[in-house]
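Peer 1: below is the sequence, then the predicted model.
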Amino acid sequence: MHNYKELKVWKRAIDFAQLIYQTTKDFPAEEKFGLISQLRRAAVSVPSNIAEGAGRNTKGEFGQFLGIASGSLCEIETQTIIAKNLELIGKEAFESISEEIDHLQRMLFNLKKSLR
C-alpha cells in the first residue's frame, strides 16, 4: 500500500529507537530485564508498526497500526518518567526524549488523519 521507507515518520522513528538504545546502554545491569528491555522493545515497536501497517491492504488497517505505534510512544513516555524518577536518566536526556515523543505523536496523528 505505502512504501514505509519513504515515510518521514518511519525514518524519524528509526532514529528515535537508536536514541533509546543509546540512552539505556548505561543503565545498571539489574535493569537488563526491566526498564532496558521494556524501553527497547517499545522503541522498536514504533517503526515496526508503521512498517507493518503500511504493508496492509486497507487504510483502516494502516490506521490501526499507527495507533499501536502511538501507544508504544505512550509506553516509552511512562517508562522514561519512571527512569527519570529513579535517576537512571538526567533531565536533559528526559527532555530530549519527551520532545521527540511529542513530535512523533504529531506526525503519526497527521498521517492517520490523511488516511481518512
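Peer 2: That came through, no problem.
Peer 1: run through the protein and note the low-pLDDT ranges.
Peer 2: Along the chain, segments meeting pLDDT under 70 span 1.
Peer 1: and after the lengthiest helix in it, which helix or strand comes next?
Peer 2: The longest helix of the chain (DSSP state H) is helix 59-85. As assigned by DSSP states H and E, the chain's next helix or strand after helix 59-85 is helix 91-114.
Peer 1: which phi and psi does residue 57 have?
Peer 2: Dihedral pair for residue 57: phi -80, psi -20, per degrees, to the nearest 10.
Peer 1: how many neighbours does it have?
Peer 2: The number of residues packed near residue 57 is 8, by other C-beta atoms under 10 Å. (C-beta placed from N, C-alpha, C; glycine too.)
Peer 1: from residue 2, how far off is it?
Peer 2: Residue 57 sits 11 Å away from residue 2, going by C-beta to C-beta, to the nearest Å.
Peer 1: ditto for residue 31
Peer 2: On the measure of C-beta to C-beta, residue 31 and residue 2 end up 36 Å apart.
Peer 1: got it, and residue 79?
Peer 2: To residue 2, residue 79 is 29 Å away according to C-beta to C-beta.
Peer 1: compare neighbour counts for the two and give me the winner.
Peer 2: Using other C-beta under 10 Å, the more surrounded residue of residue 79 and residue 2 is residue 79, with 20 against 17.
Peer 1: need the contact list for residue 101.
Peer 2: 16, 73, 76, 77 (C-beta atoms under 8 Å, 6 or more residues apart in numbering).
Peer 1: the second one reaches residue 47, doesn't it?
Peer 2: Think residue 73. No: using C-beta atoms under 8 Å, residue 73 is not in contact with residue 47; the gap is 11.1 Å.
Peer 1: what's the burial count for residue 96?
Peer 2: Neighbours of residue 96 using other C-beta under 10 Å come to 15.
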